[in-house]
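**Q** coords below, sequence missing:
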């Protein structure tokens, strides 16, 4: 036997023994993979093969497209496109193209009247904006505000600020009701818009808004809006003009020291002149305060005489309580009544106009109070019939009671809550 065979034969025997032992161990210890798992693995493997095949097909198609474009003399680019996507369908464009323009473009066919609008508004909008657009909590006020744009706190509504009625329709259609946007039908949006016009005293209660007369409605503040011309007027003057950095004025005059204005902390060693100026300013302020206090004391109106409460008809007062339901969203009466959106109305008949110290009245009410005017039955009846005519520039958005019987009933009810 050759030396090679002497080495190879024992090695072959040892390897055969090891393989035999390994086979027996595997047969004893390895457990078959459950059928569902094997199926899942097979599915995943097949899916991976499909993905790989699709990627290869896509790469082949992209290469073919690139070759075609190159052959046609066009290099692939964003402008030229990559052959992806498709033109939008007319129905898809229409579904997104919902904007309404001031000239009426985009308005759908439809119509809605004021009273239908009131029903829809009370059901879907009043929980945030109040029954009459007076607002609940911190939600936006939707009615009133006429004549307030120059005030410190202007009330911006479609009756005081907005330029175009199309903005009202567009916003209600897109964004309302809150949390359920774009669920209103075109007729409901027309009706709500008509009701908002009525609350802002822009139309009568028999008004119907439609796609035919929509562009005829003009909001009162439209003429105060104009195209932004700042790029032509302000930008060249204030932005592009040479900016002065030193010696910009021939003479500078000091009109007051910062220490007098109390904007600079006092420092040790302040000049005597500063101290004198501060003392003079303090003296002047104290004198002014004393004079103002004296004038206030002298001009304070005398206490209003007590007004004897007139008798009321209990049956009429009961009917007035039902009509007063239109007012309860803003005004409270009875025991524990407190101011809300509007003042509490206990003792209103015979009370001075704007007399409650803890309520912030409109300017017109403050003027009436300064003139010593009171809520007698005639004045109160006129206000209930048409608040904006009786008290111009009032912030109250209620349009008024149309029936004289309802007005008399509410007045009797207001008398009854104080007796």
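**A** Received the coordinates, thanks. Nothing here was measured: the structure is a model prediction, and the numbers come from that model. Residues are numbered from 1 along each chain as shown.

**Q** Show me the helices in this structure, by range?
**A** Listed in chain order, the helices of the chain (DSSP state H) span 3-29, 35-71, 90-96, 114-124, 126-129, 165-175, 186-199, 234, 272-299, 314-323, 363-370, 377-385, 387-390, 404-416.

**Q** Can you list the low-confidence ranges for the stretch 301-419 of the chain?
**A** Applying pLDDT under 70 to the stretch 301-419 of the chain picks out residues 301-310, 329, 341, 393, 395, 397, 418-419.

**Q** To clarify, my last question referred to the stretch 101-250 of the chain.
**A** Filtered on pLDDT under 70, the stretch 101-250 of the chain yields the residue ranges 239-241.

**Q** measure residue 416 to residue 172 for me?
**A** To residue 172, residue 416 is 40 Å away according to CB to CB, to the nearest Å. All C-beta atoms are positioned from the backbone trio N, CA, C, and that covers glycine.

**Q** ok, residue 158 - contacts?
**A** Listed by CB atoms under 8 Å, 6 or more residues apart in numbering, the contact set of residue 158 reads 142, 165, 168, 196, 197, 200, 202, 219.

**Q** switch the cut-off to 6 Å
**A** 168, 196, 200, 219 (CB atoms under 6 Å, 6 or more residues apart in numbering).

**Q** for residue 139, same thing?
**A** Residues in contact with residue 139 (CB under 6 Å, 6+ apart) are 128, 129.

**Q** hmm, back to that, want to throw the contacts of residue 158 into CSV with distance to residue 327?
**A** Shown next, in CSV, are the contacts of residue 158 (distance: CB to CB, whole Å):
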residue, distance to residue 327
168, 26
196, 20
200, 19
219, 27
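
**Q** so which of the residues you listed is the most crowded?
**A** Neighbour counts for these (other CB atoms under 10 Å) peak at residue 196, which has 29 neighbours.

**Q** tally of neighbours for the nearest residue to residue 209 once chain neighbours are set aside?
**A** Using CB to CB, 6 or more residues apart in numbering and skipping residues adjacent in sequence, the residue nearest residue 209 is residue 194, 4.0 Å away. Other residues within reach of residue 194 by the criterion other CB under 10 Å amount to 27.

**Q** I'd say residue 194 and residue 112 touch.
**A** Yes. With contact defined as CB atoms under 6 Å, residue 194 counts as touching residue 112 (5.5 Å).

**Q** Now do the shared contacts for the two.
**A** residue 209.

**Q** For the residue nearest to the spatial centre of the chain, which non-adjacent residue is closest in space?
**A** Residue closest to the mean C-alpha point of the chain, counted by CA atoms, centre = their mean, is residue 140 at 6.2 Å. Using CB to CB, 6+ apart and skipping the chain neighbours, the partner closest in space to residue 140 is residue 129 (6.9 Å).

**Q** residue contacts, the one you found?
**A** Going by CB under 6 Å, 6+ apart, the list of residues near residue 129 reads 135, 139, 142.

**Q** List the residues that contact the first one.
**A** It refers to residue 135. By CB under 6 Å, 6+ apart, the contact set of residue 135 is 129, 141.

**Q** gap between it and residue 326?
**A** For residue 135, the distance to residue 326 - CB to CB - is 16 Å.

**Q** Equivalent analysis for the second one, please.
**A** Taking CB to CB as the measure, residue 139 and residue 326 are separated by 20 Å.

**Q** got the buried residues for stretch 409-419?
**A** By 16 or more other CB atoms under 10 Å, the buried positions in stretch 409-419 come out as 409, 410, 411, 412, 413, 414, 415, 416, 417, 418.

**Q** Can you tell me which of these is closest to residue 48?
**A** residue 410 (79.1 Å; CB to CB).

**Q** Tell me the pLDDT of residue 294.
**A** Note on residue 294: pLDDT of 54.

**Q** Burial check on the residue nearest to residue 191 when sequence neighbours are not counted, number of neighbours?
**A** The shortest distance from residue 191 to any non-neighbouring residue, by CB to CB, 6+ apart, is to residue 112 (2.7 Å). Neighbour count for residue 112, taken as other CB under 10 Å: 23.

**Q** repeat for residue 333
**A** 19.

**Q** ok, it - contacts?
**A** 345, 346, 417.

**Q** The second one and residue 384, how far apart?
**A** Yep, that's residue 346 we're talking about. For residue 346 relative to residue 384 (CB to CB), the value is 17 Å.

**Q** quick one, which of those two is more surrounded?
**A** Shown here are residue 346 and residue 384; by other CB under 10 Å, residue 384 has more neighbours (21 against 18).

**Q** my guess is the more buried one meets residue 401, correct?
**A** Yes. Under the criterion of CB under 6 Å, residue 384 makes contact with residue 401 at 5.2 Å.

**Q** Could you pull out the residues contacting both of those two?
**A** Shared contacts of residue 384 and residue 401, counting by CB under 6 Å, 6+ apart, come down to residue 407.

**Q** Tell me who's in contact with residue 124.
**A** Shown in contact with residue 124 (CB under 6 Å, 6+ apart): residue 177.

**Q** Please apply the same query to residue 380.
**A** Neighbour list for residue 380: residue 411 [criterion: CB under 6 Å, 6+ apart].

**Q** repeat that with 8 Å
**A** 348, 349, 411, 414.

**Q** if we can go back for a sec, relative to residue 171, how far out is the residue nearest to the centre of the chain?
**A** 11 Å.

**Q** what do you get for residue 91?
**A** From residue 91 to residue 171 the distance is 25 Å (CB to CB).

**Q** neighbour count winner among those two?
**A** Between residue 91 and residue 171, counted using other CB under 10 Å, the more crowded position is residue 171 (14 against 7).

**Q** And that one, how close does it get to residue 182?
**A** 11 Å.

**Q** go on, residue 224?
**A** 31 Å.

**Q** circling back: thought the residue nearest to residue 191 was touching residue 196?
**A** No. Judged on CB atoms under 8 Å, residue 112 makes no contact with residue 196 at a distance of 11.1 Å.

**Q** which one among the contacts of residue 158 gets closest to residue 245?
**A** residue 219 (46.5 Å).

**Q** would you turn the contacts of residue 129 into TSV with distance to residue 368?
**A** Putting the contacts of residue 129 into TSV (distance: CB to CB, whole Å) gives the following:
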residue	distance to residue 368
135	24
139	29
142	26
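
**Q** Restricted to strands, list the residues you listed.
**A** If you go by DSSP state E, these have nothing in strands.

**Q** No further questions, thank you.
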